[in-house]
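Q: what shape does this take:
(2 chains)
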Amino acid sequence: MDKNQYLDMFIDESTEHLQAMNDHLLKLENQPGDYSIIDEVFRSAHTLKGMSATMGYEDLASLTHQMENVLDAIRNDKLKATSDLLDVVFESVDHLEAMVQDIANGGEGKRDVTEVVAKLEKIEKGDFSEEIAATKEADQKTHGNQNSYDDFELTVLSQSTEQGFHAYSINISLRADVILKAARVFMVFEVLEQIGEVIKSTPTVDQLEEENFDLAFSVTIVTKEAENDVQARIMKVSEIDTVEVQRIDVEEMTKEQGTSLQESANEEKVLLSEKQTQRNNKENGTEKEEKPSSSPNKTIRVNIERLDSLMNLFEELVIDRGRLEQISRDLKSSELTETVEHMSRISGDLQSIILNMRMVPIEQVFNRFPRMVRALAKDLNKIVHLEIIGAETELDRTVIDEIGDPLVHLLRNSIDHGVETPEKRKQAGKREESTITLKAYHSGNHVFIEVSDDGAGINRDKVLQKAINSGVVSSENGATLSDKQVYELLFSSGLSTADEISDISGRGVGLDVVKNKIESLGGNVSVHSSPNVGTTFSIQLPLTLSIISVMLVEVQEEIYAVPLSSIIETAIIKKEDIMAAHNQKVIDFRGSVVPLINLTDFFDVPVSKEENDYYSIVIVRKGEKMAALVVNSFIGQQEIVLKSLGNYLTNVFAISGATILGNGQVALIVDCNSLIK
Amino acid sequence: MNETVIEDVKVIVFQLKDEDYGVEVAQVRSIERVQHITRVPSTPDFVEGVINLRGVVTPIIDLRKRFAIQGLDHSETTRVIIVTVGQMDVGLVVDAANDVLDIPKNAIEPPPKVVGGLEAAYIRGVAKLEKRLLILLNLDKVLNPDEMEEIKEIEGKV
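A: Numbering: from 1, shown residues only, chains lettered A, B, ... in the order given. Here you go, the predicted structure:
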């Protein structure tokens, strides 16, 4: 067997399991007594151990093995899951991550782990010998007692019967000339997992995998299938001799076994809690695929480059669609119009599918934060609880790749500057534990990501003082700024409000970098704060970067595209409605004074049309601020493909890019963000 | 025989006003007829705008304006030479482009010092042919980013 074939899968799955371990360990720290969490961690560690041993990564396997022992001790109440202990476990997870990383980079996954293994051993010592004895004893017991179930199993059984599942005990014997016993067992389990949940197996799965059994084994499952179906399905696996399916009467069993058999083999507990958790997950509808084959949803992995070229081809198609729409409008042939309309609808659906394929849950970025926050909070002697909301929110892959660093900056900023030390919080009458919330959600064509803390809020005077000292604003101007404007100063370069420069932040770089990055992605970032309540940084990002909806407008003879995302509305106003305020033309728009920008003048468009008494205006906004763009006429709304102006024309003022219209001409896209200061 | 081949430079010949200019074939991607050019605001005046070149938005420079030669309306013979310099694709508007020549390297002379001034920097050399002079352009300089920087500064002030 060529192991390279499985290497990618191994790396993917190990990374998943390591992430799961990280997540659950963090949870465990908050709820040290929760056994289901320990079981989760144990399950990941166990799978990882098995996988790495199979792939021949000994160091990886031995470290996970040692970790498993410690976790087991915690589970059996021999050890307490203290923060110190978890530090060591985290350290081992770090080592494991490094090894998997090494393997991913083509290395051997070797690493000197003796130190951390020694630590783990030290923690675990004392209970170890006892445990082995227990395991052995329990093993024997299982062998003698095939059809007995412990309390836990019984509970599972009776619960599933209540939900309309049938419980079966299945005795399976393999043919005498069977060659790959373990493989057949695996296939049987695969079949069983497709139709239901395996509650228990005798001998245990581990022993079955190691071929530590004769020819027969028995399995208890819960399923909705009938007895005959179950039998038929298993018989489909080759080299199976006989299959006996017996219905289990759970109620009777409960009575009979009532109090006995509390203790069971360690491995068995692992197995059944594994299944139990799996089952729970399934019920919650959030099951993560453990084995791709056991999931009804079939997925394939596609190289991202293929998706990119699919996207490029589709962009071409969108341009041609625009062209066809125009031709059909000009020709006014009803047959053609119908066909083109149909094609437009289909390509619209196609567009959303293609865009969706490139969407990735933001979880990918978020899930590395809990560890980071924990470590940082410890370093700074703060108690921080990180709450993540909306991790399932999906974003275009290109955005996901770029958003990580800005978020790290913001989180670090919140931990360092945002939240106070426990003592200070106590004085202010707050809970010692501070909360940082990371929240992502969709709204219209945008995704919002918010980083908020319940700290002291931004100190206006301090920010202003810093800004004046570093020459960002003059002291006269400073006094007139609104709170919001002062907060915005945080994003200017060369400003840090930490009194002392720390490792984490306070070097005056950071927030301006964040702002630049977000703006380069076509988004924007803003900050809200109220004293003693907290601070919220809010990032707004476009769902996708390549196809956008615009309003096409005519300015004299030229056509410009205004992104729909920044348009509030369009209107036609009378010339008399225009007022002048300090040399700037303004209009009164729904109660607020909006400056008027005549695009003909602004873009130096050669004048070819006569002015009349009515002006067509497009009201655009940037955050809270608005502006009215005067154009000659509105053409309509269209989906366009965003193109850059090329490397020669970079940074053209107030133009964010170009697009190709239906008639093959180029139209420029107005950058409303730079129009409004 | 071989040696003479190696020493030849293949150039595309084009006209601006009454003079002949040449750019190396290796830098030329295509020669196009003039199509609709979209003006781009707040750019230097020699930037005519952008065109849709088979789905790629490509900037267009009017070489007459670039070299401060009197402007001329586009005519039947007007062509756009698409050149690639570094990472940039740029179209050059010229009066006409109608010839490909092999010029022996030894016929190329450095730009005459007398010319001096800014323009001389754009010239890589002058080739003496039988009856005419061919000015070989240094496209790197013509599309010089530094020059662009200057322009940006001016823009900034406006």
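Q: ok, and what's touching stretch A:611-618?
A: A:551, A:553, A:562, A:567, A:570-575, A:578, A:587, A:596, A:628-634 (Cβ atoms under 8 Å, 6 or more residues apart in numbering or on different chains). No exception for glycine: its C-beta is placed from N, CA and C like everyone else's.
Q: could you rerun that using 10 Å?
A: Contact with stretch A:611-618 is made by A:551, A:553-554, A:560, A:562, A:566-578, A:587, A:589, A:594, A:596-600, A:627-634, A:670, A:672, as judged by Cβ atoms under 10 Å, 6 or more residues apart in numbering or on different chains.
Q: which of these fall within strands?
A: A:551, A:553-554, A:560, A:562, A:567-574, A:587, A:589, A:594, A:596-598, A:627-631, A:633-634, A:670 (DSSP state E).
Q: restricted to buried residues, select those in ChimeraX.
A: Command for ChimeraX that selects the buried part of the ones in strands among the contacts of stretch A:611-618, burial taken from 16 or more other Cβ atoms under 10 Å in any protein chain shown:
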select /A:551,553,554,560,562,567,570,573,587,589,594,596,597,598,627,628,629,630,631,634,670
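Q: need the residues of the stretch 251-400 of chain A near chain B, please.
A: A:Asn312, A:Glu315, A:Glu316, A:Ile319, A:Asp320 (Cβ under 10 Å from any Cβ of the partner chain).
Q: repeat the analysis, applying 8 Å as the threshold.
A: A:Glu316, A:Ile319 (Cβ under 8 Å from any Cβ of the partner chain).
Q: in the stretch 251-400 of chain A, what residue lies closest to chain B?
A: A:Glu316 (6.2 Å; Cβ to the nearest Cβ).
Q: that residue - that's part of a helix, no?
A: Yes - counting by DSSP: H, G, I helix; E, B strand; the rest coil, A:Glu316 falls inside a helix.
Q: show me what contacts it?
A: Counting by Cβ under 8 Å, 6+ apart, A:Glu316 has contacts B:Gly55.
Q: need the pLDDT of it.
A: On pLDDT, A:Glu316 comes in at 78.
Q: ok, now the one 5 residues further on?
A: Reading off the confidence values, A:Arg321 has pLDDT 85.
Q: helix or strand: which one has it?
A: helix A:304-331 (DSSP states H and E).
Q: quick one: is stretch B:32-47 near chain A?
A: Yes - for stretch B:32-47, a contact with chain A is found by Cβ under 8 Å from any Cβ, at B:Gln35, B:His36, B:Thr38, B:Arg39, B:Val40, B:Pro41, B:Ser42, B:Thr43, B:Val47.
Q: which of those residues fall in strands?
A: B:Val47.
Q: could you dump the residues of stretch B:32-47 next to chain A to CSV with pLDDT?
A: CSV is the format used below for the residues of stretch B:32-47 next to chain A (pLDDT from 0 to 100):
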residue, pLDDT
B:Gln35, 85
B:His36, 88
B:Thr38, 91
B:Arg39, 91
B:Val40, 91
B:Pro41, 89
B:Ser42, 85
B:Thr43, 86
B:Val47, 89
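Q: buried only: go through the residues of stretch B:32-47 next to chain A for me.
A: Buried subset of the residues of stretch B:32-47 next to chain A (neighbour count, 16+ other Cβ under 10 Å): B:Thr38, B:Arg39, B:Val40, B:Pro41, B:Ser42, B:Thr43, B:Val47.
Q: could you tell me how many residues sit around B:Arg33?
A: 10 (other Cβ atoms under 10 Å in any protein chain shown).
Q: for it, what are its contacts?
A: B:Thr78, B:Arg79, B:Val80.
Q: repeat the analysis, applying 7 Å as the threshold.
A: B:Arg79 (Cβ atoms under 7 Å, 6 or more residues apart in numbering or on different chains).
Q: what stretches of the stretch 251-400 of chain A score poorly on pLDDT?
A: Low-confidence regions of the stretch 251-400 of chain A, defined by pLDDT under 70, span residues A:251-297.
Q: interface residues of chain B facing chain A?
A: B:36, B:38-43, B:47, B:50-52, B:55, B:57-59, B:87-90, B:143, B:152, B:155 (Cβ under 7 Å from any Cβ of the partner chain).
Q: pLDDT below threshold where in the chain?
A: Just so you know, I chose chain A. For chain A, the ranges with pLDDT under 70 are A:1-5, A:126-151, A:250-297, A:444-445, A:493-510, A:544-545, A:623, A:677.
Q: sorry, should have said chain B
A: Using pLDDT under 70, the flagged stretches of chain B are B:1-6, B:112-120, B:145-158.
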